[in-house]
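Chemist: When you get a sec, could you give me coordinates for this:
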Amino acid sequence: MLETLDIFKMQEDGKYVWKAAAETFEVATSKIEKLATTSPGEYMIFSQTTGKKTVIPLDATFAEVTLAEVTSEFPGSRSPRQMPDTRR
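Modeler: The predicted structure is shown next:
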């Protein structure tokens, strides 16, 4: 299956940096949970299919996170295709 979800982490300067990709929302939140153990902060899941952006807040408790609680759109934000490529 193609990984159509990109995972980004917000940096201190407010810019997002690409961290990983996932096939499903559940896999993406699981990857964020693992990433957050060593690099806590706000993460965003971007769907390449729909263009939807889902923010996982800094203080999210993953056992309680639901799509409805964390989904928000960013007015004027750039899609990852427009963001500088930070993948290494």
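Chemist: Could you list the low-pLDDT ranges of the chain?
Modeler: Applying pLDDT under 70 to the chain picks out residues 1, 59-88.
Chemist: State which helix of it is the longest.
Modeler: Using DSSP state H to assign secondary structure, the helix with the most residues in the chain is helix 25-38.
Chemist: Which positions in that helix come out as buried?
Modeler: For helix 25-38, burial by neighbour count (16 or more other C-beta atoms under 10 Å) applies to V27, A28, T29, K31, I32, L35, A36. To be clear about C-beta, it is placed using only N, CA and C from the backbone, and glycine gets the same treatment.
Chemist: What separation is there between the first one and Q11?
Modeler: Relative to Q11, V27 is positioned 23 Å away (criterion: C-beta to C-beta, to the nearest Å).
Chemist: cool, and V17?
Modeler: Noted for V17: a distance of 6 Å to Q11, by C-beta to C-beta.
Chemist: Can you show me the strands along this protein?
Modeler: According to DSSP state E, the chain carries its strands in the segments 5-10, 16-22, 43-47, 53-56.
Chemist: Just send these back as a markdown table, with mean neighbour count too.
Modeler: Output for the strands of the chain, formatted as a markdown table (neighbours: other C-beta atoms under 10 Å):
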| stretch | mean neighbour count |
| --- | --- |
| strand 5-10 | 21 |
| strand 16-22 | 18 |
| strand 43-47 | 22 |
| strand 53-56 | 20 |
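Chemist: is it true that T29 touches T54?
Modeler: No: checked against C-beta atoms under 8 Å, the pair T29 and T54 is beyond contact range at 9.0 Å.
Chemist: shared neighbours, those two?
Modeler: Common neighbours of T29 and T54, using C-beta atoms under 8 Å, 6 or more residues apart in numbering, are I45.
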